[in-house]
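1. Below: sequence and its predicted model.
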Amino acid sequence: MKGKPLYERIYLEILNDIRSGKYETGVRLPSEKELCGIYNVSRITGKKAMDMLAERNIIIRMPGKGSFVNDSWEQAAESLPQETKTDSPVIGVIMDGFGGSYGYKLILGIEKTCRELGYYMVLHCTNGSRTEESRAVDRMLSLGAQGIIIMCVHGENFNSTVLKLAVEEYPIVLLDRRLKGVPVSYVGTDNQKAARELTDWLLDRGHRNICFASHCGVDTPTIADRHLGFLDSHLEHGLTTNESMWLTDLKATLPSHRTEESLREDYDKVKAFIGSHPDITAFFAVEYDIARIIRSSLVQLGVEEKYTIVCFDGYDNITGEEDFTHISQDEIAMGQTSVSLVRDQLNGSRNIEPVLIPYKIIPAGN
């Protein structure tokens, strides 16, 4: 039974106990609450095991009385497929979106670890849609996914579907974007600390008029943490920040706004901003693609050499050249850790674990 989720192993053990005569026809089986104590698992794990038995007509559930071995359990058991087959448990992976600068390596880390642990990964991209996110969760559950790893869409508010899974103790791990106040395991980077150190890098090189550049999802916890780190660094250097020098309404990098029209609008916003803020000497971009939009705008104006740009994330390339000084997140480790946390939950762990993966600052150039 290696690789099978815990609830399925409990199901098989109870089924074998019925076949061996430990639980005879008509006998009442342990309740979901009693299974929690016997196997040291969450109530939802015990419930799923009992659900499997009921769906296969091995037991009958009587509200208010309990679950009993069905009179015709032997006939039902004869029609069951081989329960000892080694079908891989399904792990659902739901991503807001991903690309070469960020997300691709997350998928690599998840897929590699799933393969090593005997899991089968199913991927669904939501493209920034909360509605599609809910559909993706429903689809994973209908496919029989034993656990879900999810990068939630940008936004301050969380999806009620995700909250419901957390309350029911379904094996779920948040990737990259935590949800404040929601009891769910999370894997990501210490964005506030990383942003503070990246801002320190600029301030230590004499920059004082720095534009904080973000898309309009600045209220997303991940982006909000980067904003806090930006502010922290200024405070630690005895400096105040000027909100008029912030550019926080870009759209083209959001999965739901990836259009040529949005990109043109962002170019126009950046060029207008530069024209009205001649004192700016550097840009702190919360994402790599925002840094690229800023750089392209500067090139169009012919002033790219006058400004320094830093950002989160970047592309790997064969020559080792880096466009911008940036925070490099260990995406492979983040993906691997998220699968390990799902595995732990499938094995009965009820620990809610926020795991922060180390990062590095990579300087621009070779």
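-> Yep, that arrived. Residues are numbered from 1 along each chain as shown.
2. Can you pull out the low-pLDDT segments for this protein?
-> For the chain, the stretches with pLDDT under 70 are 1-4, 81-87, 155-157, 217-218, 317-320, 366.
3. so what are the domain limits for it?
-> 6-78, 90-189+331-359, 191-329 (automatic domain parsing).
4. And the nearest residue to Lys112 once chain neighbours are set aside, how far from Asp323?
-> Nearest residue to Lys112, sequence neighbours excluded (CB to CB, 6 or more residues apart in numbering): Gln336, at 7.1 Å. (C-beta placed from N, C-alpha, C; glycine too.) Gln336 sits 27 Å away from Asp323, going by CB to CB, to the nearest Å.
5. So these two - more neighbours on which side?
-> Neighbour count, other CB atoms under 10 Å: between Gln336 and Asp323, Gln336 has more, with 21 against 17.
6. what are the ranges of the helices in the stretch 201-350 of the chain?
-> 221-236, 260-276, 288-301, 331-346 (DSSP state H, counting those that start in this stretch).
7. Show me what the last one is packed against.
-> Right, the one you point to is helix 331-346. Using 3 or more CB pairs under 8 Å, 6 or more residues apart in numbering; DSSP states H and E, the elements in contact with helix 331-346 are helix 104-117, strand 147-150, strand 172-175, strand 185-188.
8. Touching it from outside, list them.
-> For helix 331-346, contacts defined as CB atoms under 8 Å, 6 or more residues apart in numbering pick out 5-6, 89, 91, 102-114, 117, 119, 146-149, 171-173, 175-176, 185, 187-189, 351, 353, 355, 357-358.
9. which element follows it toward the C-terminus?
-> Note on helix 331-346: by DSSP states H and E, the next helix or strand toward the C-terminus is strand 354-356.
10. Please list the residues outside that following strand that contact it.
-> By CB under 8 Å, 6+ apart, strand 354-356 touches 178, 185-190, 337, 341.
11. roughly how far apart are the spatially most central residue of the chain and Cys152?
-> Nearest residue to the geometric centre of the chain (CA atoms, centre = their mean): Leu175, 2.0 Å. Distance, Leu175 to Cys152, by CB to CB: 9 Å.
12. Same question for Asp51.
-> Distance from Asp51 to Cys152, by CB to CB: 27 Å.
13. out of these two, which sits in the more crowded spot?
-> Per other CB under 10 Å, whichever of Asp51 and Cys152 has more neighbours is Cys152, with 26 against 16.
14. tell me which element the closest residue to the more buried one other than its chain neighbours falls in.
-> In space, and not counting its chain neighbours, Cys152 is closest to Arg177: 5.0 Å by CB to CB, 6+ apart. Here Arg177 is covered by no helix or strand, with elements defined by DSSP H and E.
15. wait, doesn't Arg177 sit right on Asp219?
-> No: using CB atoms under 8 Å as the test, Arg177 is too far from Asp219 to be in contact (11.7 Å).
16. between these two, which one's more packed in?
-> Neighbours per residue, other CB under 10 Å: of Arg177 and Asp219, the larger number sits with Arg177, 21 against 14.
17. List phi and psi for that one.
-> For Arg177, the backbone dihedrals (degrees, to the nearest 10) come out as phi -120, psi 110.
18. Could you check how far it is from Leu341?
-> 15 Å.
19. swap in Lys105?
-> From Lys105 to Leu341 the distance is 18 Å (CB to CB).
20. The two - which one has more neighbours?
-> Comparing Lys105 with Leu341 by neighbour count (other CB under 10 Å), the higher total belongs to Leu341, at 25 against 20.
21. Contacts for the helix or strand hosting Ala54, please.
-> Here Ala54 sits within helix 43-55, counting by DSSP H and E. By CB under 8 Å, 6+ apart, the residues outside helix 43-55 that reach it are 6-8, 10-11, 14-15, 29, 32-33, 35-36, 39, 59-61, 67, 168-170, 348.
22. can you check stretch 241-253 too?
-> With CB under 8 Å, 6+ apart, stretch 241-253 has contacts from 209-216, 218, 230-231, 234, 257-259, 262-263, 265-266, 269-270, 273, 277, 279-280, 287, 289-290, 293.
23. swap in stretch 134-143?
-> So stretch 134-143 is in contact with 90, 92, 94, 122, 124, 126, 148, 150, 159, 161-162, 165, going by CB under 8 Å, 6+ apart.
24. follow-up on the earlier one: and the residue nearest to Cys152, how close does it get to Tyr186?
-> 8 Å.
25. Quick check: neighbours shared by the two?
-> With CB under 8 Å, 6+ apart, Arg177 and Tyr186 have no common neighbours.
26. thinking again about what came up before, tabulate the contacts of strand 354-356 (CSV), appending distance to Gly238.
-> Conversion of these to CSV gives the following (distance: CB to CB, whole Å):
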residue, distance to Gly238
Arg178, 31
Ser185, 38
Tyr186, 33
Val187, 35
Gly188, 30
Thr189, 27
Asp190, 23
Thr337, 37
Leu341, 41
